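Let's see this in three dimensions:
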Amino acid sequence: MPPDDTTSTGPGIDETTSTGPDLDPTTGFTTVDTDPGPGTDTEPFDPDDPLPNGAQCSVDEDCASLNCYEAGPLGGICGECDEDADCPGGGCTIPNPLTSEPSECNDGSFGSGCETSAVCTPGLVCNPVIDVEGILEVSTCGDCINDMDCLPGETCQPDTDIANFAGQWECVGENSLPNGHGCDPDNGANACMSGECEEVTFMALLDLGVCGECDNDQDCPPGDVCVHGDIDLTMGLIPSFCE
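Have a look, this model is predicted:
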């Protein structure tokens with residue numbers, strides 16, 4: 001007796017009894033369901049939709065968070081906050097315009113962004129650590145504003161993190177900071193191990209201090225010259241050295 005075609009696995013399969021993939025009876029090939037199914041988002045991107053945190057913006061209404069932190073000519077970035085008032089229980093840490101990392105609310109702890117000392121943990125004060133006049137100011141919660149806030153034998157110095165637009169002021173012992181560490185160009189020589197705190201400038205916009213080997217050729221051994229320090233937006237503070 002010939003085999004029953006209704007159980008065949010080859011051509012001529014009866015689609016009514018098959019448990020395999022659907023076949024097109026005219027071609028013998030598997031049919032494909034192009035329906036993406038329920039819950040699949042097939043809507044095209046709408047440029048009028050609110051922007052997520054980290055996106056570039058012009059006004060608060062551009063952002064889903066309704067907070068567009070504007071950094072002058074560097075533009076605006078959507079984030080959790082654009083002022084301390086947006087952050088109950090803490091302050092607002094500003095965005096990094098170089099990496100589009102958005103602003104965020106913090107708890108007012110050491111190194112956290114702030115506008116005033118009121119949002120800092122008790123015992124800490126708000127002090128600018130990076131100030132690009134007319135463009136961007138980075139203020140954070142730290143130990144001090146000046147030496148008067150520190151213990152005897154200590155001095156108030158900045159620990160500046162250029163690459164992350166961060167840092168804080170802290171009380172440190174005299175002659176304790178290594179070359180490459182931030183220092184107060186007006187009051188930092190006695191904080192550096194080398195005894196030299198050189199003022200360095202970025203594009204005539206930002207002035208900072210950095211501990212280094214020298215401030216001029218007279219600080220170097222006879223025959224050597226002082227290679228001055230610098231500010232690099234990715235490498236941070238670069239100290240001076242003699243060669």
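
which intervals of the protein have sub-threshold pLDDT?
By pLDDT under 70, the weakly predicted segments of the chain are 1-47.

All the helices of it, residue numbers only.
In the chain, no helices are found when defined by DSSP state H.

and stretch 212-222, how far out from the chain's middle?
Stretch 212-222 has its average C-alpha position 35 Å from the chain's average C-alpha position, going by CA atoms, centre = their mean, to the nearest Å.

So what touches it?
Counting by CB atoms under 8 Å, 6 or more residues apart in numbering, stretch 212-222 makes contact with 179-180, 192, 194, 196-198, 224-226, 229, 239-242, all of which sit outside it. Heads up, the C-betas are built off the backbone N, CA and C, glycines and all.

how does the chain divide into domains?
Under automatic domain parsing, the residue ranges defining each domain of the chain are 50-145, 174-243.

quick one, which of those is nearest to Pro158?
Between Pro158 and the domains of the chain, the tightest spacing by CB to CB is seen for domain 174-243, at 4.5 Å.

For that closest one, measure first residue to last.
Taking CA to CA, to the nearest Å, the first and last residues of domain 174-243 lie 27 Å apart.

How about the contacts made by Ile77?
With contact set as CB under 8 Å, 6+ apart, Ile77 has these partners: Gly54, Ala55, Gln56, Cys57, Cys68, Tyr69, Ala71, Pro95, Pro97, Ser100, Pro102, Ser103.

returning to that earlier point: out of the domains of the chain, which gets nearest to Cys156?
When the domains of the chain are compared by CB to CB, domain 50-145 sits nearest Cys156, at 3.8 Å.

ends of that closest one, how far apart?
Distance between the boundary residues of domain 50-145 (CA to CA) amounts to 40 Å.

re earlier: now the domains of the chain in TSV, please, with extra columns for distance to Cys156.
Below are these laid out as TSV (distance: least, CB to CB, whole Å):
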stretch	distance to Cys156
domain 50-145	4
domain 174-243	7
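
Of the contacts of stretch 212-222, keep whichever come out buried.
Among the contacts of stretch 212-222, those classed as buried by neighbour count (16 or more other CB atoms under 10 Å) are Asn179, Cys192, Ser194, Glu196, Cys197, Glu198, Cys226, Gly229, Pro239, Ser240, Phe241.

and those as JSON lines, adding distance to Cys87?
Converted to JSON lines, the buried ones among the contacts of stretch 212-222 look like this (distance: CB to CB, whole Å):
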{"residue": "Asn179", "distance to Cys87": "37"}
{"residue": "Cys192", "distance to Cys87": "35"}
{"residue": "Ser194", "distance to Cys87": "40"}
{"residue": "Glu196", "distance to Cys87": "39"}
{"residue": "Cys197", "distance to Cys87": "34"}
{"residue": "Glu198", "distance to Cys87": "36"}
{"residue": "Cys226", "distance to Cys87": "45"}
{"residue": "Gly229", "distance to Cys87": "36"}
{"residue": "Pro239", "distance to Cys87": "36"}
{"residue": "Ser240", "distance to Cys87": "39"}
{"residue": "Phe241", "distance to Cys87": "42"}
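
From these, which land in strands?
Cys197, Glu198, Cys226, Phe241 (DSSP state E).

and the second one, what are its bridge partners?
Partner residues in beta bridges with Glu198: Val210, with DSSP bridges as the criterion.

Tell me which residues touch it, please.
Residues touching Glu198, when contacts are defined by CB under 8 Å, 6+ apart, comprise Pro185, Gly209, Val210, Cys211, Gly212, Cys214, Asp215, His228, Gly229, Pro239, Ser240.

Please repeat the previous calculation with a cut-off of 6 Å.
Val210, Gly212, Asp215, Gly229, Ser240 (CB atoms under 6 Å, 6 or more residues apart in numbering).
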